[in-house]
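Undergrad: When you get a sec, could you give me coordinates for this:
(2 chains)
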2 protein chains.
Amino acid sequence: MYGAVIHAPGDVRYEERDEPTIIEPTDAVIRVVAACVCGSDLWRYRGISPVPQPTPIGHEYCGVVEQVGSAVTTVKPGDFVVGGFNPCDNTCAACRKGATANCLNAAHYSGCQADKLRVPLADGTLVATPGMPDEDLIPSILALSDVMCTGWHAAVSAGVGPSTTVAVVGDGAVGLCAVLAAVQLGAPVVIAMSRHESRQKVATTFGATHIVAERDEAGIAAIKALTDGIGADCVLECVGTEEARAQASGSVRVGGNIGLVGVPHGDLPTDQFFWKNVGIKGGPANCRAYLPHLLELVLARTINPGIVFDLELPLSEIAEAYAAMDERRAIKSLVRPVVQGV
Amino acid sequence: MYGAVIHAPGDVRYEERDEPTIIEPTDAVIRVVAACVCGSDLWRYRGISPVPQPTPIGHEYCGVVEQVGSAVTTVKPGDFVVGGFNPCDNTCAACRKGATANCLNAAHYSGCQADKLRVPLADGTLVATPGMPDEDLIPSILALSDVMCTGWHAAVSAGVGPSTTVAVVGDGAVGLCAVLAAVQLGAPVVIAMSRHESRQKVATTFGATHIVAERDEAGIAAIKALTDGIGADCVLECVGTEEARAQASGSVRVGGNIGLVGVPHGDLPTDQFFWKNVGIKGGPANCRAYLPHLLELVLARTINPGIVFDLELPLSEIAEAYAAMDERRAIKSLVRPVVQGV
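TA: Predicted structure coming up:
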């Protein structure tokens, strides 16, 4: 089979790889129907994270089960499935609390941008659709593998609800999904911070009530003007840079909450939150905990996170899928294995 | 009148001070019935915070209104009142969100360990009891001025509720009140970390279900043994030292929350919480938001936070009140003006 392999910064290749097989009795092997490129894949692509050796890449996918190990009971060959980027058993003490991102028996994928994929802990990780989904729903189902769950996680972590004002820092795919999550969770005011017209448009489609194009102090002033002068109850920080954290910290009201899904670098200065009574919570998303509900919303066509994919290519053009995101020509790239489909 | 004045580390004196008067129309002047010494007062007593000049000290009190300014409408001379350590107007946009600790018009006291006291923003700050309270309730009402509200704030900030396991780091008056708060908020498992028999006894009286005397790794192991192997859902950090934060960070489960009311020094390393999906929230307590409910619980004799006072002295012996707390001979010292009472 074929798949993506990163060799060095800027060098992702479509090349032949070994067919995956069942190794553990809890494994499944699936035929990938669609996969995509994540902002975090770009860390290695941009040389921010090291690439010590050629490595299969990708952690988002949906597809059809081909084989299951002897211990797998909840999915079977022929099922259309989606799994979160962080496989889990969904039965350990942490998973039972909903903390599936921190499963005590967590496992990892080896390169989902490929024709086929071994899914560890298949019972815990995969959720099957009832029958084959409509073709046009594939992008939205694929979005549940990471970005939509991550945006949802930002909103849940910040305590977004029917009476909270929300500002979203970051207009990448995760930030846009965070807008959709906040709207879906009932927030009456959802402010998307974005300077890019195409992204503003997606945010508005997702239900953002306001767009703030300004940044820094002007951005903070604009948020305060929309929130009774005090800042948003909940700020969803979907970038991870120091600038984004400062934007979040300045835009949140005293006693409010920052939902953090952009991987933070460095330490958090306590005076940014303690004296203001600002809460900070976030981390890798509890995909498995959110998947059943979000899949239901997608299948009912209540949410359509798949519109964050504004570039679709055959898997063989994976190099261009990366380049387009790296150069910000695309919000997010979807790839489909070449000779396959639903 | 007389009151406490701190002159230098280790040097708190009972001396004559000017009678307080109404300055702003929103002020009240009260006759202090009881006041007390706070762990945070010890920062200056111990030389951790500077004492640039002789300064009236104390921020916890209850008493009887003597005079009110022309704009005050909710309390009147003769009312028995208690106020939080952080005066607020209780009407601004932040207060309306319950963030009274961060009132946009916040004011400050000038030395509550005194015969009389000027209370700024009296309408926002003070809550009156219906009639004169029973004498034996005075310590518990006084506790609402800071420690009980602060313990409550730790629990609320960490999201304590009827299904959460709780561990409390710190067995000072605030930590013990945090135990009481967690029990009152319905937590089925409330673990008090304490090595001191007298404090363990208060924690047990307050409803702690378990006592853990160990610290560091052994303390973390003991907490995990009581919480399904994963740590507590909510850890209430009521100390503020780096050691206490490490204890909290090690004792909380993945996806759990740390309620922080010990003033943190330095920065928070992101890897202590982001990858574990641990939330951190806290700061100065929203006393005014909590006071009506907590006062009701005290008057109904549902809670008795006043037992944290294990030393009572006349105000004239304020120096000993400080020394006893400094030397950990007392958990918390209550002082009463010499010729006055209810």
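Undergrad: and chain A, which residues reach chain B?
TA: Within chain A, the positions near chain B by C-beta under 8 Å from any C-beta of the partner chain are A:93-94, A:97-99, A:101-102, A:104, A:157, A:228-230, A:233, A:253-257, A:260, A:263-270, A:273-284, A:286. For the C-beta atoms, the positions are set from N, CA and C on the backbone; glycine is no exception.
Undergrad: all strands for the stretch 51-200 of chain A, in order.
TA: Assigned by DSSP state E, counting those that start in this stretch, the stretch 51-200 of chain A shows strands spanning A:55-56, A:61-68, A:80-83, A:116-119, A:126-128, A:165-169, A:189-193.
Undergrad: quick revisit: identify those among the residues of chain A next to chain B that sit within strands.
TA: A:233, A:253-257, A:260, A:267-269, A:279-282 (DSSP state E).
Undergrad: Helix or strand with the lowest mean pLDDT in chain A?
TA: Lowest mean confidence among the helices and strands of chain A (mean pLDDT, DSSP states H and E): strand A:267-269, at a mean of 76.
Undergrad: Pull up the pairing partners for that one, direction included.
TA: Paired strands of strand A:267-269, with direction, are strand B:267-269 (antiparallel) (DSSP bridges).
Undergrad: Give me the distance from the partner strand to the chain's centre.
TA: Here strand B:267-269 is found 25 Å from its chain centre; the criterion is C-alpha atoms, centre = their mean, to the nearest Å.
Undergrad: can you check stretch A:196-208 too?
TA: Chain-centre distance of stretch A:196-208: 17 Å, with C-alpha atoms, centre = their mean.
Undergrad: what's it in contact with?
TA: Applying C-beta atoms under 8 Å, 6 or more residues apart in numbering or on different chains, the external contacts of stretch A:196-208 come out as A:168, A:171, A:176-177, A:179-180, A:183-184, A:190-192, A:194, A:211, A:213, A:307-308, A:310, A:331.
Undergrad: Could you identify the buried members of these?
TA: Listed as buried from those are A:168, A:171, A:176-177, A:179-180, A:183-184, A:190-192, A:194, A:211, A:307-308, A:310, A:331; burial here means 16 or more other C-beta atoms under 10 Å in any protein chain shown.
Undergrad: how does chain A divide into domains?
TA: A:2-146+A:287-336, A:148-282 (automatic domain parsing).
Undergrad: Same list (those) but as TSV, adding distance to B:Tyr2.
TA: Below are these laid out as TSV (distance: least, C-beta to C-beta, whole Å):
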stretch	distance to B:Tyr2
domain A:2-146+A:287-336	55
domain A:148-282	33
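Undergrad: Deepest-packed of those domains, please.
TA: Mean neighbours per residue, mean count of other C-beta atoms under 10 Å in any protein chain shown, is largest over these for domain A:148-282, with a mean of 23.
Undergrad: ends of stretch A:277-286, how far apart?
TA: End-to-end distance for stretch A:277-286: 25 Å, by C-alpha to C-alpha, to the nearest Å.
Undergrad: what about that stretch, distance to the chain center?
TA: Counting by C-alpha atoms, centre = their mean, stretch A:277-286 comes out at 15 Å from the chain centroid.
Undergrad: Report the mean per-residue pLDDT for it.
TA: For stretch A:277-286, the mean pLDDT works out to 97.
Undergrad: May I ask which two of the ones in strands among the residues of chain A next to chain B are separated the most?
TA: Greatest spacing in those, by C-beta to C-beta: A:Asp233 and A:Asp267 (25.3 Å).
Undergrad: Excluding sequence neighbours, find me the nearest residue to A:Ser194.
TA: Leaving aside its chain neighbours, A:Ser194 sits nearest to A:Asp171 (3.6 Å; criterion: C-beta to C-beta, 6 or more residues apart in numbering or on different chains).
Undergrad: got it, and A:Met193?
TA: Across the structure, with C-beta to C-beta, 6+ apart as the measure, the residue nearest A:Met193 apart from its sequence neighbours is A:Val212 (4.9 Å).
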